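Asks: Make a model of this:
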Amino acid sequence: MKHTRALSLALLLAAGTFALPVACVDSTAPRAVPEAGADALLGLPIGIGVDVGRVVDTTVTTLRRVLPLSSDITRSATFGFDGGTLSIPEAGFTLTVPRGAFYTPTTITVTAIQGSTVAYEFAPHGLKPNKKLIFSQELGSTLGLGLLGSFYKGAYFESRSEIDEVSGTAFVHEIIGTIFDPLAIRFPISHFSGYLVAVGYEE
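Replies: Sure thing, here's the model as predicted:
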């Protein structure tokens, strides 16, 4: 009986030791976020993730805004080891930087590209964080709201010249699986420079 009680106590202590931290993130300023992988930040069980960075060279249909952005909107923030968030509320965008993504203070700049295409440029070009960052796009101001049957993907582009505003398409080089709910789309990114949301893409 003593051995059974001791084993139970040990299991309880172990469970407490490995419990995942939970934190709320302010969408308007950098704040510390849990030290977790992309799966946890995307709301997935640990070990169950989305396809990341599958290399392609293809043309996709892009998610469009209800009202085009009249000009670029740029925001910058500096992140240390604790991570945080960078938001562009006017575009419905948030970038989440997990704890441990950067070991030294690193300044990130995100630009919402003018026009109807839901697309963003990230700087500095070529930056590769230690952990994947999370791209999150609200759907309320886009034509994607309510399109539950649409097949959404994240997509990587190298320059805005690859976006065709007239046709609503873009030439992209990577396709990334997303987590979709009726209000937002989220996906992990592992390097910079440009990302957008593709609609209706099929393998």
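Asks: how much space between Val66 and Gly144?
Replies: 10 Å (Cβ to Cβ, to the nearest Å). C-betas here are computed from N, CA, C, even on glycine.
Asks: who's more crowded, those two?
Replies: Gly144 (24 against 11; other Cβ atoms under 10 Å).
Asks: surely the more buried one meets Ala184?
Replies: No - using Cβ atoms under 8 Å, Gly144 makes no contact with Ala184, being 10.0 Å away.
Asks: ok now stretch 105-124, how far from the chain's centre?
Replies: How far stretch 105-124 lies from its chain's middle: 12 Å, per Cα atoms, centre = their mean, to the nearest Å.
Asks: do stretch 73-93 as well
Replies: That offset, for stretch 73-93, works out to 11 Å (Cα atoms, centre = their mean).
Asks: how about that stretch: buried residues?
Replies: Residues of stretch 73-93 classed as buried by neighbour count (16 or more other Cβ atoms under 10 Å): 73, 75, 77, 79-80, 82-88, 91-93.
Asks: And the average pLDDT for it is what?
Replies: The pLDDT scores in stretch 73-93 average 98.
Asks: What's the end-to-end length of that stretch?
Replies: One end of stretch 73-93 sits 11 Å from the other (Cα to Cα, to the nearest Å).
Asks: related to what we said a few turns ago, in strands only, show me the buried residues of stretch 73-93.
Replies: Among the buried residues of stretch 73-93, the ones falling in strands (DSSP state E) are 73, 75, 77, 79, 84-88, 93.
Asks: so Ser71 makes contact with Gln114?
Replies: Yes - counting by Cβ under 8 Å, Ser71 touches Gln114, with 5.0 Å between them.
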